[in-house]
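> 3D, please:
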Amino acid sequence: MQLDLERRAEHSRVMALLSPVIALVLTLVSGAILFAAIGQDPLAALYAFFIEPLTASWSLQELVVKATPLVLIGVGLAVCFLSNTWNIGAEGQFTAGAIAGSMLPILLPGFENVLTLPLMLLMGIAGGMAIAAIPAFLKVRFGTNEILTSLMLVYVAQLLLDYLVRGPWRDPDGYNFPESRLFTDAATLPALADGRMHFGAIFALIAVLVLTIMLLSSLKGFEIRVLGQAPRAGRFAGFSRNRMVWFAFLVSGGLAGLAGISEVSGAINQLTPVISPGYGFTAIIVAFLGRLNPIGVLLSGLLLALSYLGGEAAQVSLGLTDKTARVFQGMLLFYVLACDTLILYRIRFTQPSAAGAGAVQGKGA
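Residues are numbered from 1 along each chain as shown. Model (predicted):
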């Protein structure tokens with residue numbers, strides 16, 4: 001007896017729309033079971049994770065702060081995944097954008113004028129695009145697997161950041177702590193309220209709006225969908241697969257770089273060895289949970305940001321570790337992919353063929 005996946009001739013549009021909701025419900029049920037298994041009250045734990053962070057104005061601002069990089073990175077990854085281009089290195093592009101954009105306030109702290117912040121943002125976008133261009137080039141020129149190359153570059157960017165803040169970019173007045181000098185007011189993103197919420201949230205909303213219009217109402221959006229769903233038809237239509245690889249990587253890398261410099265300029269105000277709790281990897285979940293739709297990415301970004309806030313609240317109120325939030329995120333991705341798979345395929349139990357069984361026995365002998 002073996003298990004096979006057989007593609008359905010047709011799939012339910014209703015189930016496709018309900019798939020993220022089903023995945024979320026299954027995650028909540030599994031989370032309740034997990035909390036009960038470790039001796040916690042499931043209802044109290046779920047309240048701490050998903051309700052408590054929404055009960056104060058400051059935590060709502062924190063929700064927006066944490067959702068901003070997830071949405072910026074997620075909409076870029078949605079373009080990649082829709083075009084069947086697999087950029088798994090957004091975490092490295094986020095870090096590269098933070099490094100490149102921080103060069104100005106760290107190396108030239110006296111450069112303070114109206115051009116400081118725009119130049120930092122442009123340099124952050126360029127930094128993310130530059131490191132994203134490496135797997136794009138290797139894919140187009142040598143046919144290299146972009147999943148592996150983009151993922152490995154994450155460690156390159158993170159180690160470069162660690163080297164810089166512990167070495168040449170370390171704050172000379174920072175009592176030997178591994179961190180850069182604090183950014184000046186001219187190098188800091190304006191706040192949107194009396195708190196940590198900053199202008200990066202506006203960038204995220206603009207990115208959602210622009211990419212929604214592009215995907216739904218432009219030839220480029222049509223090209224992305226065709227090459228993603230039917231590459232052979234795309235070639236007949238004259239669309240270039242190589243140009244699409246470049247386009248998808250540069251767009252997603254640029255948005256990840258913008259997220260990186262927005263985070264350090266708006267929320268942290270300096271470079272430290274760790275500037276991200278894993279936004280680039282969590283944004284993969286955000287993209288798929290949002291059905292690779294920019295509006296859906298905005299909503300799922302808020303949900304995943306809530307899981308970060310809930311994890312922090314649960315550490316205080318329940319004494320749980322920060323790994324619990326990652327367990328939630330992992331379960332959510334698993335259920336999203338499982339639901340999508342069962343929408344497109346049906347499970348069949350079949351008997352192995354006689355020829356296949358004989359081959360297995362021959363190998364065993």
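> Now do Val14 against Asn269, distance only.
Val14 sits 47 Å away from Asn269, going by C-beta to C-beta, to the nearest Å. For the C-beta atoms, the positions are set from N, CA and C on the backbone; glycine is no exception.
> Between the two, which has more neighbouring residues?
Using other C-beta atoms under 10 Å, the more surrounded residue of Val14 and Asn269 is Asn269, with 17 against 8.
> Over to the more buried one: give its phi and psi.
Main-chain dihedrals, Asn269, degrees, to the nearest 10: phi 70, psi 20.
> Name the nearest residue to it, ignoring sequence neighbours.
Sequence neighbours aside, Phe183 is the residue nearest to Asn269 in space, at 4.8 Å (criterion: C-beta to C-beta, 6 or more residues apart in numbering).
> Check that neighbour and give its pLDDT.
Looking at Phe183, its pLDDT is 93.
> isn't there a helix covering it?
No: judged by DSSP: H, G, I helix; E, B strand; the rest coil, Phe183 forms no part of a helix; its state is coil.
> Number of residues surrounding it?
When neighbours are defined as other C-beta under 10 Å, Phe183 has 24 of them.
> Ok, the one 3 residues further on next?
By other C-beta under 10 Å, 16 other residues sit near Ala186.
> correct me, but it touches Thr116?
Yes: Ala186 is within contact range of Thr116, at 4.4 Å (criterion: C-beta atoms under 8 Å).
> which intervals of the stretch 201-350 of the chain have sub-threshold pLDDT?
Along the stretch 201-350 of the chain, the model assigns pLDDT under 70 to no residue.
> repeat that with 80
Counting by pLDDT under 80, the stretch 201-350 of the chain has low-confidence residues at 313-326, 328-329, 333, 344, 348-350.
> try the stretch 1-150 of the chain
In the predicted model, the stretch 1-150 of the chain carries pLDDT under 80 at residues 1-17.
> if we go to 90?
Residues of the stretch 1-150 of the chain that meet the criterion pLDDT under 90 lie in 1-24, 27-28, 31-32, 34-60, 109-111.
> Quick check: Leu309 is in a helix.
Yes: checked against three-state DSSP, Leu309 lies within a helix.
> and it, what is it in contact with?
Each residue near Leu309 by C-beta atoms under 8 Å, 6 or more residues apart in numbering is listed here: Pro53, Ser59, Glu62, Leu63, Lys66.
> By neighbours, which of those residues wins?
Neighbour counts for these (other C-beta under 10 Å) peak at Lys66, which has 25 neighbours.
> Just the element for Arg346, please.
Taking DSSP states H and E as the criterion, Arg346 maps to strand 345-350.
> Contacts for that strand, please.
Residues from elsewhere that reach strand 345-350 (C-beta under 8 Å, 6+ apart): Met1, Gln2, Leu3, Asp4, Leu5, Glu6, Arg7, Arg8.
> Mark which of those residues are part of strands, please.
Judged by DSSP state E, the contacts of strand 345-350 include Gln2, Leu3, Asp4, Leu5, Glu6, Arg7 as members of strands.
> Neighbour count and distance to Ala233 added to those residues, as CSV?
Below are those laid out as CSV (neighbours: other C-beta atoms under 10 Å; distance: C-beta to C-beta, whole Å):
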residue, neighbour count, distance to Ala233
Gln2, 10, 33
Leu3, 8, 32
Asp4, 10, 28
Leu5, 12, 24
Glu6, 10, 24
Arg7, 8, 18
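> how about the residues you listed, which pair is most distant?
Across those, no pair lies farther apart than Gln2 and Arg7, at 16.9 Å, counting by C-beta to C-beta.
> The strand holding Arg346 pairs with which strands, parallel or anti?
Paired strands of strand 345-350, with direction, are strand 2-7 (antiparallel) (DSSP bridges).
> name the helices or strands packed onto the helix or strand following the partner strand?
Once the chain leaves strand 2-7, the next helix or strand it forms, by DSSP H and E, is helix 13-37. Here helix 13-37 is seen to pack against helix 42-50, helix 294-317, helix 323-344 when contacts are counted using 3 or more C-beta pairs under 8 Å, 6 or more residues apart in numbering; DSSP states H and E.
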